[in-house]
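>>> Next one to model:
(one chain, ligands or ions: 1)
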Amino acid sequence: MKKFQHALLASLCAVALPLLSGNALAQNTGKIKVGLMLPYTGTFAALGTAIENGFKLQLAEQGGKIAGREVEFFKVDDESDPSKATDNVNKLVKRDQVDILVGSVHSGVAMAMAKVAKDTNTLLVVPNAGADAVTGPMCAPNIYRSSFSNYQPGYAMGEVMAKKGHKKVVTITWKYAAGDESVKGFKEAFEKKGGQVVKELTLPFPNVEFQALLTEIAATKPDAVYTFFAGGGAVKFVKDYHAAGLRKTIPLYGAGFITDGTLEAQGEAAAGLLTTLHYADNLETARNNSFRLAYVKAYKLQPDVYAVQGYDAAQILQAGLTAVKGDVSKKAEMAAAMQKMTINSPRGPFKLSKANNPIQDIYLREVKGRENLSLGVASKQLADPARGCRM
Ligand code: BEZ
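This next block holds a predicted model:
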């Protein structure tokens, strides 16, 4: 009887083991499914396209693969609409069963993505949206950001404007997480250095009816204005501010999104604007030069900060997944490996914080012609405080 049981067990194992190891192998062989959830319509459409271009350029440099594995793409236009975001991300996770999520641009959309990524333990790389919560209370070993937190450019500009001697400032932005947090970061640094935010003006995202607010700025007569807008909204705001004649009397400053990827459309209205951001067009490094040349060759377009962030989202995935031999199930091992890595970005090398957000130089930039030129580093190796992150 014992002999019979052993024989049965042996034959069961002979059938089951190859099946088991076949399953395990599927985790790190075969195609990796990547879900791109980005805006391809609306005020942030150009930003979504630049991110996808940058991401695909990095892959092309690696033979079209991530950590040696072929890639299959699934795409959703999220329209920068937070009310559709949970359904959209579930299409990628549940219907398409992607291994990796890449997205998005809008902070509200990214927070919905982070919730689903956390609940389903899906690997997520955020290639733009700065929502502080993503690498704050929502932080997790499967959630990475290749861009910035809203706090970072805002905080750097608070120091710059205080140093310039401005005392009373009005802020103006869209009323949603990115605008609120950009102003909060700005205010934290500016008020620490003795400045005062005398009025916080907002309008709903993605409205561009700025006239009444510009009239209010003129009537308030602050020393300067700090702003956060991006994409199509940034183009309109800079043109309207200029047309209202305010540039002559009330200098305008902003987080760098106000002039990134927008200069062709803004033309003379943007000349001389000072902004803070983690990238500038003229960084004279071999890394930035080769990136810019490759991007122009591939797309016949100049790259911007969004293209850099897309490129670096792919670099993070290459580095992290190579460390776990392409096995997307090994989230904790990947996160541990990423803590030691340096990403060789066109912006300059950066490391990830404990919360998986870039610790990076924030440049002070000036618009000259069609470029955002670095005037130097405004905040060296600035880390997001990652308030509320427990990891
Ligand atoms: C955001 O919503 O986080 C965002 C959008 C565009 C540019 C920068 C930040």
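
>>> so who does residue 130 touch?
Neighbouring residues of residue 130 by C-beta atoms under 8 Å, 6 or more residues apart in numbering: 107, 147, 148, 149, 150, 151, 152, 178, 181, 182. Heads up, the C-betas are built off the backbone N, CA and C, glycines and all.

>>> Now do the domain split for the protein, please.
For the chain, automatic domain parsing gives the domain ranges 31-148+282-356, 151-277.

>>> okay if I get those domains as CSV plus mean pLDDT and distance to the ligand?
Below are these laid out as CSV (pLDDT from 0 to 100; distance: least, C-beta to the nearest ligand atom, whole Å):
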stretch, mean pLDDT, distance to the ligand
domain 31-148+282-356, 97, 4
domain 151-277, 98, 3
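
>>> Pull out the buried residues from whichever strand or helix holds residue 334.
Assessed by DSSP states H and E, residue 334 sits inside helix 331-340. Buried residues in helix 331-340, counting neighbours by 16 or more other C-beta atoms under 10 Å, are found at 331, 334, 335, 337, 338.

>>> what do you get for stretch 184-203?
Counting neighbours by 16+ other C-beta under 10 Å, stretch 184-203 gives 184, 185, 186, 187, 189, 190, 195, 197, 200, 201, 202, 203 as buried.

>>> for that stretch, the distance to its chain's centre please.
23 Å (C-alpha atoms, centre = their mean, to the nearest Å).

>>> How about stretch 314-325?
Using C-alpha atoms, centre = their mean, the offset of stretch 314-325 from its chain centre is 18 Å.

>>> Contacts for it next, please.
Outside stretch 314-325, the residues touching it (C-beta under 8 Å, 6+ apart) are 28, 32, 54-56, 58-59, 62, 66-69, 100, 123, 125, 144, 146, 327-328, 330, 333-335, 337-338, 341, 343-345, 352.

>>> what comes up buried for that stretch?
By neighbour count on 16+ other C-beta under 10 Å, the buried set for stretch 314-325 is 314, 315, 316, 317, 318, 319, 320, 321, 322, 323, 324.

>>> what do you get for stretch 347-361?
By 16+ other C-beta under 10 Å, the buried positions in stretch 347-361 come out as 347, 348, 350, 352, 353, 355, 356, 357, 358, 360, 361.

>>> want to throw those into JSON lines with secondary structure?
JSON lines is the format used below for these (DSSP: H, G, I helix; E, B strand; the rest coil):
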{"residue": "347", "secondary structure": "coil"}
{"residue": "348", "secondary structure": "coil"}
{"residue": "350", "secondary structure": "strand"}
{"residue": "352", "secondary structure": "strand"}
{"residue": "353", "secondary structure": "coil"}
{"residue": "355", "secondary structure": "coil"}
{"residue": "356", "secondary structure": "coil"}
{"residue": "357", "secondary structure": "coil"}
{"residue": "358", "secondary structure": "strand"}
{"residue": "360", "secondary structure": "strand"}
{"residue": "361", "secondary structure": "strand"}
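
>>> which phi and psi does the closest residue to residue 324 other than its chain neighbours have?
Once flanking residues are discounted, residue 324 sits nearest to residue 330: 4.0 Å by C-beta to C-beta, 6 or more residues apart in numbering. Main-chain dihedrals, residue 330, degrees, to the nearest 10: phi -90, psi 70.

>>> number of nearby residues for residue 330?
Neighbour count of residue 330, defined by other C-beta atoms under 10 Å: 18.

>>> Quick check: it vs residue 114, distance?
According to C-beta to C-beta, to the nearest Å, residue 330 stands 20 Å off from residue 114.

>>> Is stretch 376-385 positioned near the ligand?
No. Stretch 376-385 stays out of contact with the ligand when judged by C-beta under 6 Å from any ligand atom, the minimum separation being 12.9 Å.

>>> From the rest of the structure, what touches that stretch?
132, 135-136, 148-149, 151-152, 155-157, 159-160, 276, 353, 355, 357, 359-364.

>>> Centre of the chain to that stretch, how far?
Put simply, stretch 376-385 sits 16 Å off its chain's centre (C-alpha atoms, centre = their mean).
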